[in-house]
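Undergrad: got a structure for you, letters missing:
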């Protein structure tokens, strides 16, 4: 059974990546690994931690309802999200990574952030880049 | 029936995109549109034209053998390949664009060229980025 790895962030593009990842896993008969990765540090305070826990609970339910074999990993270990995502994808021998591309508010123009660039370039497997609706 | 649009270039990453695009079209029960786009101009001389024709013939056979409903478009109309690919994807209401990411020889490091960046950012549909094996 193959594995689809999704890079989740609690933003519209992260939700888009999650939904697309579930659809891709179904299509491929693969399992899904959803990775929510923070660098931690001073930005990741108690409020952020509580919000992250709520996100995880909601995503867990969504994955349960999807019927797809799944794993949900929340990482706060000081690495850049790109590093976490790539190492998990390699360890799982993933067939696909799904990421969301973010919009730079307020103009709404899309940008290729450094994490997206690194994942696109450094991942060994194909990378599906999606946008929020 | 959905449509998968592939950006072909006569390089290893273009072959990777083509093979991946055929697999994705099969998986999705979609048809495939393969786009081989040149800006034309002085770089596109008789030799390049003959080579491009040979590539097209070979790709046509490959698509025929794949059993996937397909269309092959060779464009030399002065636009950047990204523009051609995006406009064709939009006209076809594509569900997926597949592109190859190129390696900068001789070091072999991957780069996100300007065409890849534009397609990733400007395409309305998800973009699958693949690498040569």
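TA: Good, I have the coordinates. Just so you know, these numbers come straight off a predicted model, no measurement behind them.

Undergrad: right, and the helix or strand after the helix or strand bottoming out on mean pLDDT in chain A?
TA: Across the helices and strands of chain A, mean confidence by mean pLDDT, DSSP states H and E is lowest for strand A:103-104: a mean of 72. Sequence-wise, the next helix or strand beyond strand A:103-104 is strand A:109-110, with elements assigned using DSSP states H and E.

Undergrad: what's in contact with that following strand?
TA: For strand A:109-110, the surrounding residues in contact (C-beta atoms under 8 Å, 6 or more residues apart in numbering or on different chains) are A:101-104, A:131, B:121-122. C-betas here are computed from N, CA, C, even on glycine.

Undergrad: now do stretch A:14-34
TA: Counting by C-beta under 8 Å, 6+ apart, A:1-9, A:59, A:62-63, A:66-73, A:88, A:92, A:94-96, A:98-100, A:128, A:130-133, B:27-28, B:126 sit against stretch A:14-34.

Undergrad: Narrow these to just the buried residues.
TA: A:3-9, A:59, A:62-63, A:66, A:68, A:70, A:72, A:88, A:92, A:94-96, A:98-100, A:128, A:130-132, B:28, B:126 (16 or more other C-beta atoms under 10 Å in any protein chain shown).

Undergrad: In strands, which of the residues you listed fall?
TA: Taking DSSP state E as the definition of strands, the buried ones among the contacts of stretch A:14-34 contribute A:3-8, A:70, A:72, A:96, A:98-100, A:128, A:130-131.

Undergrad: Any buried residues in stretch A:108-128, and which?
TA: Using 16+ other C-beta under 10 Å as the test for burial, stretch A:108-128 gives A:110, A:112-113, A:115-121, A:123, A:125-128.

Undergrad: Identify, from those, the entry nearest to residue B:51.
TA: residue A:126 (27.1 Å; C-beta to C-beta).

Undergrad: Which residues of chain A lie near chain B?
TA: Proximity of chain A to chain B, by C-beta under 8 Å from any C-beta of the partner chain, involves residues A:20, A:27-28, A:101, A:110-112, A:117, A:120-122, A:124, A:126-131.

Undergrad: and if we set it to 10 Å?
TA: Selection of chain A residues close to chain B by C-beta under 10 Å from any C-beta of the partner chain yields A:16-17, A:20, A:23-24, A:27-29, A:96-101, A:109-112, A:116-117, A:119-131.

Undergrad: tell me the angle of the strand or helix carrying residue A:22 relative to strand A:96-101?
TA: Secondary structure assignment for residue A:22, by DSSP H and E: helix A:12-28. Angle, helix A:12-28 to strand A:96-101, by axes from the mean of the first three to the mean of the last three C-alpha atoms, to 10 degrees: 160 degrees.

Undergrad: and the longest helix for chain A?
TA: Looking across chain A with DSSP state H, the single longest helix is helix A:46-66.

Undergrad: Just the residues contacting that helix, thanks.
TA: Contact with helix A:46-66 is made by A:6, A:8-10, A:14-15, A:18-19, A:21-23, A:25-26, A:32, A:34, A:36, A:38, A:40, A:44, A:69-74, A:76, as judged by C-beta atoms under 10 Å, 6 or more residues apart in numbering or on different chains.

Undergrad: Show me the shaky parts of chain A.
TA: For chain A, the stretches flagged by pLDDT under 70 are A:39, A:43, A:104-106.

Undergrad: Report how many residues lie close to residue A:93.
TA: Other residues near residue A:93 come to 10 when the count uses other C-beta atoms under 10 Å in any protein chain shown.

Undergrad: so what's it up against?
TA: Neighbours of residue A:93 in contact, by C-beta under 10 Å, 6+ apart: A:2-3, A:124-125.
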